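Asker: mind looking at a prediction? Sequence and model below.
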Amino acid sequence: MKGEGKMVFKSKLKWVGLVGLVLSAFSLFTHFLLARYTDEGISNYKSSVTIFSWRPIFENADLSTTSPLYRRLWGPVRRLESIHPHANPRGNYADPARQTNGFLFVRIRGGFHEIRNSICDVVVVSRLLNATLVIPELQSTTSSKGISSEFKSFPYLYDEDQFMAALIKDVKIVKTLPKELKGARRKKEIPSFKVHSSLSPYFYLRHVLPVLNRHSVVELVVSDGGCLQAILPTHLEEYQRLRCRVAFHALRLRQEVQELATKILNRLRAPGRPFIAYDPGMTRDALAYYGCAELFQDVHTELIQHRRSWMIRRGIIKGNLSVDSALQRLNGSCPLMPEEVGILLRAYGYSWDTTIFVSGGEVFGGQKNLIPLHAMFENVVDRTSLSTPWELNKIYGRESILIDKHPRTLPSVKEEQKQKHDAWKTKGPRPRPLPPPPARPKYPYNIEGWWGWVAESDNEPESTVMELRTNAHKLLWEAIDYAICVEADVFIAGFDHDGKGHPNFAGLVMGHRLYQSAASKTYRPDRKEVVKLLEEIRDHLYQANHTWIRSVRRHLRRTLLDGLTEDSVRSKPLSFLSFPVPECSCMRHDTAETSFHASSPSAHSQLQLAIGVMNHCPSWMDSDVISRPRDKDSEEDLDEDDSASSGLLFGQTGKYESGGGDINNKEEAPMEDQEEMEGGER
């Protein structure tokens, strides 16, 4: 009886254990389903359990927003606070005609900033021709080689329905061509124009419009980052505002991409600290275009020269293959290196624990070029350290399995070596002693995404399927970075031109910030001046003296306004979106601001010079203005003198150099006291 009782008890235990295992498996399966298929309702739960590579380290989490130091580092630019976005039509601007002249079909090739510029231009051209615009095709995402079949063309990047709804009073837009015209396009029977970014409106009226009237459809191929000149005649100012409505209101990122950008932005702001967005602008094309190859070493210099040679053959560059990179750097034609940007920010007063978000789809030379920046700032992050691989993979859609029809076959090292040795041994008569055998062959290698073909071939190999897919993904990466940079508390660019001499990703970010929130801090450093300052202390780079730090601070402060004047002259003629004022902005009435300008006419004239003549905002925008008292101090010449600026430039590194936070606080105190005596940001 006892034996039977034990057997029954054991069998019950087995059943209990089995039920427990089944319940555990069911629970895990349920959690997996919720995490995989539920977007809302569990998002907070997912973000709370997600493990990110970034663990912020702050010396002092409580940063007073009323302190003079905070206002100097993070506060708005007071002179620009009265500038507000106003891209609505003014005067006579009719709704689009019901009966149009035909259909405008557009194919766009390029990177993120080129696509954004081009979309705005084709909308303006469509309005100019009174044509029905077909949603543009983005050629970098329509390749069938490994690109998601779910997200192709325009909807891969932007919200198609929002685009059509926002422009309903500007142009007539359809998603596809009618069936009969689709067939004609497949047979290549519709007229096509390859257009470039410097074309005038009269080209379209004289050459394209007659063809459109005859054939009822015209195809435009845009591959130059735009299809219309940046600065239009005065009587076409409404078309400039149309560009702004397209870029800043109609072009909304696809929902999944926007949600991820918002999550990353929330994670950046979660510690309660402001952050800096930094775009290096160090792309291979830009470095090749401006002749900056010698700033790098080894294979990277050769890669840049390969690209420059290709640009010369294509007629993109008219110049020599070999360029003095040191001279180009002194002229301000090369990007500022991450180390140089880090020195500027530390000299201005940003502490070692400041959060810096590094943006851009590519940093040429890889992460090793960011090592000095990481050494100066503890919290240097990017999109990969603020998101999980699962979150990034989700926005790509259902990708097809990669099958490369033309894989790169790497030669066998042993076979290659044997062939060379055999040829060396069987060679004809030769003097003694024998020459040494052939050196060990160079292995094909991969350095930060770049190949070792430069040592073996004069021609760059064709892109693999994986590389084509990665290029399409870069559009989404840059879209996420773009959304974050626009909302950042401070933005600084290492370079603002691309590999065609046009404003790049950073140029569009600065233009968007100028439109959306002109007073937000956006540094536009003069690279020529910065290089001159850095050369002064090249031998004692990390022991900057008191006078040099004051010079750096004055320069960065001046760029907040003087940089606008430079951009209006240098960038705007190449890309209107890089400087969309004064056409798309207005000046709101502010009693405090008016009295300030009345007491400081030079400041007002400087603002007019930088921005241009600006109209007053309509009365409905002035109705919600809250008059606030203005600080007695002016913004003009802040003397950033403080006792902490002498000696070691990077001496304020807390536990890493001082052995604790107390010394750090003692060093910061004189700076804050001095800033308070001088009025902080004036």
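Answerer: Noted; the coordinates are in hand. Residues are numbered from 1 along each chain as shown.
Asker: and the helices in the stretch 1-150 of the chain?
Answerer: Secondary structure of the stretch 1-150 of the chain (DSSP state H, counting those that start in this stretch): helices at 2-37, 43-49, 68-74, 112-129.
Asker: which of these comes out lowest on mean pLDDT?
Answerer: Mean pLDDT per stretch puts helix 43-49 lowest among these, at a mean of 39.
Asker: so who does the residue lying closest to Leu181 once chain neighbours are set aside touch?
Answerer: Once flanking residues are discounted, Leu181 sits nearest to Val217: 5.2 Å by C-beta to C-beta, 6 or more residues apart in numbering. Backbone N, C-alpha and C define where each C-beta goes, glycine included. Counting by C-beta atoms under 8 Å, 6 or more residues apart in numbering, Val217 touches 102-105, 177, 181, 184-185, 190-191.
Asker: now do Val217 against Pro191, distance only.
Answerer: Distance, Val217 to Pro191, by C-beta to C-beta, to the nearest Å: 8 Å.
Asker: got any ranges where the stretch 551-682 of the chain has weak pLDDT?
Answerer: 589-606, 609, 622-682 (pLDDT under 70).
Asker: for the stretch 301-450 of the chain, same thing?
Answerer: Across the stretch 301-450 of the chain, residues meeting the criterion (pLDDT under 70) sit at 361, 400-417, 420-421, 424-425, 427-450.
Asker: for it, what spans make up the helices?
Answerer: Counting by DSSP H, counting those that start in this stretch, the stretch 301-450 of the chain has helices at residues 325-330, 338-348, 371-376, 389-394, 413-425.
Asker: what's the neighbour count on Cys244?
Answerer: 25 (other C-beta atoms under 10 Å).
Asker: tabulate the CA atom coordinates of the helix or strand that contains it in PDB.
Answerer: Element membership of Cys244, judged by DSSP states H and E, is helix 237-245. Output in PDB follows, covering the C-alpha atoms of helix 237-245 (Å, rounded to 0.1, in the frame of the first residue of the first chain):
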ATOM      1  CA  GLU A 237       7.700  84.400 -54.700                       C
ATOM      2  CA  GLU A 238       4.500  82.300 -54.100                       C
ATOM      3  CA  TYR A 239       6.300  79.400 -55.600                       C
ATOM      4  CA  GLN A 240       9.000  79.700 -53.000                       C
ATOM      5  CA  ARG A 241       6.400  79.500 -50.300                       C
ATOM      6  CA  LEU A 242       5.000  76.400 -52.100                       C
ATOM      7  CA  ARG A 243       8.400  74.800 -51.700                       C
ATOM      8  CA  CYS A 244       8.300  75.500 -48.000                       C
ATOM      9  CA  ARG A 245       4.800  74.000 -47.700                       C
END
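Asker: let me know the angle separating it from helix 112-129.
Answerer: Interaxial angle, helix 237-245 versus helix 112-129 (axes from the mean of the first three to the mean of the last three C-alpha atoms, to 10 degrees): 140 degrees.
Asker: contacts for helix 237-245, please.
Answerer: Applying C-beta under 8 Å, 6+ apart, the contact partners of helix 237-245 are 85, 87-91, 93, 120-121, 123-124, 127-128, 166-167, 170, 201, 232, 515, 576-577, 580, 583-584.
Asker: quick check: ChimeraX command selecting the buried ones in these.
Answerer: ChimeraX command restricting these to the buried ones, with burial defined by 16 or more other C-beta atoms under 10 Å:
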select :85,87,120,121,123,124,127,128,166,167,170,201,232,515,576,577,580,583,584
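Asker: which of the contacts of helix 237-245 fall in strands?
Answerer: Among these, the residues falling in strands (DSSP state E) are Pro85.
Asker: make a markdown table out of the helices of the stretch 301-450 of the chain and add distance to Ser551 and mean neighbour count.
Answerer: Compiled in a markdown table, the helices of the stretch 301-450 of the chain are given as follows (distance: least, C-beta to C-beta, whole Å; neighbours: other C-beta atoms under 10 Å):
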| stretch | distance to Ser551 | mean neighbour count |
| --- | --- | --- |
| helix 325-330 | 17 | 17 |
| helix 338-348 | 9 | 22 |
| helix 371-376 | 19 | 17 |
| helix 389-394 | 42 | 13 |
| helix 413-425 | 55 | 12 |
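Asker: nearest to Val490, of those helices?
Answerer: Closest of the helices of the stretch 301-450 of the chain to Val490 is helix 338-348, at 8.9 Å (criterion: C-beta to C-beta).
Asker: so which elements touch that closest one?
Answerer: When contacts are defined as 3 or more C-beta pairs under 8 Å, 6 or more residues apart in numbering; DSSP states H and E, helix 338-348 packs onto strand 275-279, helix 371-376, strand 490-493, helix 527-536, helix 546-570.
Asker: setting the sequence-adjacent residues aside, check what's closest to Asn369.
Answerer: Excluding its sequence neighbours, the residue lying closest to Asn369 (C-beta to C-beta, 6+ apart) is Pro338, at 5.7 Å.
Asker: surely the one you found touches Lys368?
Answerer: No - between Pro338 and Lys368 there is no contact under C-beta atoms under 8 Å: 10.2 Å.
Asker: give me the common contacts of the two.
Answerer: In terms of C-beta under 8 Å, 6+ apart, Pro338 and Lys368 are not both contacted by any residue.
Asker: which of the three states applies to Leu220?
Answerer: strand (DSSP: H, G, I helix; E, B strand; the rest coil).
Asker: wait, what's in contact with it?
Answerer: Going by C-beta under 8 Å, 6+ apart, Leu220 touches 104-107, 122, 125, 192-193, 195, 227.
Asker: go with 7 Å
Answerer: 104, 106, 122, 193, 195, 227 (C-beta atoms under 7 Å, 6 or more residues apart in numbering).
Asker: quick check: the nearest residue to it once chain neighbours are set aside vs Val123, distance?
Answerer: Spatial nearest neighbour of Leu220, chain neighbours left out: Val106 (4.8 Å); criterion: C-beta to C-beta, 6+ apart. Distance, Val106 to Val123, by C-beta to C-beta: 10 Å.
Asker: repeat that for Pro68.
Answerer: Using C-beta to C-beta, Pro68 is found at 45 Å from Val123.
Asker: go on, Glu160?
Answerer: Per C-beta to C-beta, Glu160 is found 14 Å from Val123.
Asker: what's the burial count for Trp477?
Answerer: Neighbours of Trp477 (other C-beta under 10 Å): 21.
Asker: now Arg185
Answerer: Each residue near Arg185 was counted by other C-beta under 10 Å, and the total is 17.
Asker: sec struct for it, please.
Answerer: Going by three-state DSSP: Arg185 is helix.
Asker: deepest-packed of the helices and strands packed on helix 338-348, please.
Answerer: Using mean count of other C-beta atoms under 10 Å, the stretch among those with the largest mean neighbour count is strand 275-279, at a mean of 26.
Asker: and the angle for it with helix 338-348?
Answerer: 150 degrees.
Asker: can you name the element that comes right after strand 275-279?
Answerer: Sequence order places helix 284-290 as the next helix or strand after strand 275-279, per DSSP H and E.
Asker: elements contacting that following helix?
Answerer: In terms of contacts (3 or more C-beta pairs under 7 Å, 6 or more residues apart in numbering; DSSP states H and E), helix 284-290 is packed against helix 299-314.
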